[in-house]
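>>> dropping a prediction and its sequence here:
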Amino acid sequence: MSGRLVVFDVDGTLVDSQHQILASMAAAFALLGRPMPPRAVALSVVGLSLPQALARLMPDVGAADLARMEAAYRAGYAGGGEAGQAPLYPGARAALDGLAAREGVLLGVATGKSRRGLNRVLAHHRLARHFATTQVADDHPSKPHPAMLLAALAETGAAPGVMVGDTTFDIEMGRAAGFRTIGVAWGYHPVAALHAAGADLVIGGFAELVGALEALG
């Protein structure tokens, strides 16, 4: 299998999961009787693997309590069931459908979600068939380590392609793996931060994605 590989982040890029993330985060903090950080701070760690995200928000908490918080977060997120699944961002489905139909284009996912969490999202939105490779936090070091993208390349036989994501972690991961990078303006990190991290381009909507991919060659 070979072709141009376009890899997408999930939370904040394909689906708007902020309500589920914040509710689950609140449950995790309540477990220790701690106040929730401000919304912008809580969302700033989205994209990291969950243990790293919680540790960044709670640097003074020991490993045992962080593990309890992680369990509370996962239980809260899973508790939403199908009705609690995050919606796709406007234009996401059309963009994925169009890219998947293009000859010589392979699509992938690199996400801080667990395999179970990603499978739920892909099944709910009927998107699994679009992706030639799906890389998750269960199997790799947290972003921005390039392991997910390197594994995607090995699995597909593709050359480094384009990483599309909403956080600086996505941009840094892409650059570390030799990918071109496209930031999205609708996610959880500011546009200025995406540029500062080295994004080749930042787009304001999925309608701009094909043009951005073509501009990167």
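Ah, there it is.
>>> now find how far off-centre the helix or strand encompassing residue 42 is within its chain.
Applying DSSP states H and E as the criterion places residue 42 in helix 39-44. Chain-centre distance of helix 39-44: 15 Å, with C-alpha atoms, centre = their mean, to the nearest Å.
>>> so what does that helix touch, helix or strand wise?
On a contact count with 3 or more C-beta pairs under 8 Å, 6 or more residues apart in numbering; DSSP states H and E, helix 39-44 meets helix 18-31. To be clear about C-beta, it is placed using only N, CA and C from the backbone, and glycine gets the same treatment.
>>> give the buried residues for the helix it packs on.
Neighbour counts over helix 18-31 (16 or more other C-beta atoms under 10 Å) mark 18, 20, 21, 23, 24, 25, 26, 27, 28, 29, 31 as buried.
>>> of these, closest to residue 59?
Distance to residue 59 across the buried residues of helix 18-31 (C-beta to C-beta) is lowest for residue 29, with 14.0 Å.
>>> tell me how far the closest one lies from residue 36.
Using C-beta to C-beta, to the nearest Å, one gets 5 Å for the distance from residue 29 to residue 36.
>>> CA atoms of the helix or strand encompassing residue 6 as CSV?
Per DSSP H and E: residue 6 is located in strand 4-8. C-alpha atoms of strand 4-8 as CSV (Å, rounded to 0.1, in the frame of the first residue of the first chain):
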residue,chain,number,x,y,z
ARG,A,4,0.1,10.4,-0.1
LEU,A,5,-0.7,10.1,3.5
VAL,A,6,-3.0,12.7,5.2
VAL,A,7,-3.3,12.2,8.9
PHE,A,8,-5.9,13.8,11.1
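>>> residues contacting that strand, please?
Applying C-beta atoms under 8 Å, 6 or more residues apart in numbering, the contact partners of strand 4-8 are 14, 99, 104-110, 132-133, 135, 149, 152-153, 156, 158-165, 174, 179, 213.
>>> also stretch 15-26?
Under C-beta under 8 Å, 6+ apart, the answer for stretch 15-26 is 10-12, 36, 39, 42-43, 46, 72-74, 76-77, 80, 84-89, 92, 121, 125, 186, 188.
>>> redo that, cut-off 7 Å
11, 36, 39, 42-43, 46, 73, 76-77, 80, 84, 86-89, 121, 188 (C-beta atoms under 7 Å, 6 or more residues apart in numbering).
>>> and if you look at stretch 170-183?
9, 47, 143-146, 148-150, 160-166, 194, 197-203, 212, 216.
>>> that's all I had, so thanks and see you.
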